[in-house]
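Enquirer: sequence first, predicted model second:
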Amino acid sequence: MKKKKKIREYWKYFLILPPIAVAVLAAVFIFYQSNFKTYLSPFANQLFFQFFQEKGERKLNHLEPAPMVDIVKNRGIYPNRTQTLKIQIALKVPILIYHYIEEQDNTKILAGLYLSPNIFENQLETLKDHGFQPIFARELGEVLENGGVLPKNPIVLTFDDGYADFYYNVFPLLKKYDFKATLFVIVSAIGQSGYVSENQIREMNQSGLVEIGSHTLNHVSLKFIDDEKAKTEIFESKRKLERIISEEVKSFAYPYGFFIDRDEQLVREAGYLDAFSTYAGLYQKKENIFRLYRLRPEEKTGDELIRFVSYLK
């Protein structure tokens, strides 16, 4: 009697489960038959590549480039059929974004962009003690574009706008800790009060510790201007910086982090190797070489900083 009662209690589950199972199988089949990357949000895409990187790339210690690879799988549904899935291997490279490195004054506009030189030095010391090896923005771009080798635990330090405090507060610390950094310069601001001069730019570039990149001519929001003006901002800033440092400028950062597809194409046409957004992310790939992810470390130090640049938690 009890057995029959139990059967009556669970009969509804036997009716519900088969349709659910069929629906799930159908969804999985459609998902795998399609170009799955188009269905992933940027956040989900990051999670996917983090999983792939940790499971498939851990043994390489991030020394391999980011090639296109074929994964051939027999799904078992059709025994004589295989399907090739092309994916882009992502490299785990934290790219940090800074602005002002000077004592914070809460009365200033955009006070959140300021970081104390003491805290910044603490961050450099922490990163060095934990084995992070700094590279230029262009070095990452070269590996993503052409293949090559990155050091173990690579990290990129980027500074936007070209403020004078970079020369007085950051440059000496780069020398002290033998760290590299990339400085994205607003070309029209060069030599103005509060910004680096041409001589300082040349000195830092020749030191081998600072890469000079473009941050446009006038720090305009590219997505809100017409095609011709956007082209001028991107092309002319590169040309003028190259005249100052007498070498090619390969890296670009979008002012305010705003850009549209047109701007990515203009950056490519201008001859830049890579470009940097303000989107948060830890894994970089060739597919996004003109919208690479960056992280704001803010005042994080010690273990908190290491967790941040290692796991994006």
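Expert: Cool, got the structure. Residues are numbered from 1 along each chain as shown.

Enquirer: can you report phi and psi for P151?
Expert: Note on P151: backbone dihedrals following degrees, to the nearest 10 are phi -70, psi 160.

Enquirer: please tell me the pLDDT value assigned to it.
Expert: On the pLDDT scale, P151 is placed at 95.

Enquirer: any weak-confidence spans in the stretch 101-250 of the chain?
Expert: 105-111 (pLDDT under 70).

Enquirer: how about the strands of it, start to end?
Expert: 114-115, 133-134, 154-161, 181-185, 210-214 (DSSP state E, counting those that start in this stretch).

Enquirer: against which helices or strands is the third one packed?
Expert: The reference is to strand 154-161. Applying 3 or more Cβ pairs under 8 Å, 6 or more residues apart in numbering; DSSP states H and E, one finds that strand 154-161 contacts strand 95-98, strand 133-134, helix 137-146, strand 181-185. All C-beta spots, glycine's among them, are computed from the backbone N, C-alpha and C.

Enquirer: report the angle between the longest one and strand 154-161.
Expert: In this case it means helix 137-146. 120 degrees (axes from the mean of the first three to the mean of the last three Cα atoms, to 10 degrees).

Enquirer: of the strands of the stretch 101-250 of the chain, which approaches R296 most closely?
Expert: strand 114-115 (9.9 Å; Cβ to Cβ).

Enquirer: coming back round to it: and of the strands of the stretch 101-250 of the chain, who's closest to T301?
Expert: Closest to T301 of those is strand 114-115 (Cβ to Cβ; 10.8 Å).

Enquirer: ok, the residue nearest to P255 when sequence neighbours are not counted - contacts?
Expert: Residue nearest to P255 in three dimensions, not counting chain neighbours: H219, with 4.7 Å by Cβ to Cβ, 6 or more residues apart in numbering. Remark: with contacts taken as Cβ atoms under 8 Å, 6 or more residues apart in numbering, H219 is in contact with D161, I186, S188, A189, P255.
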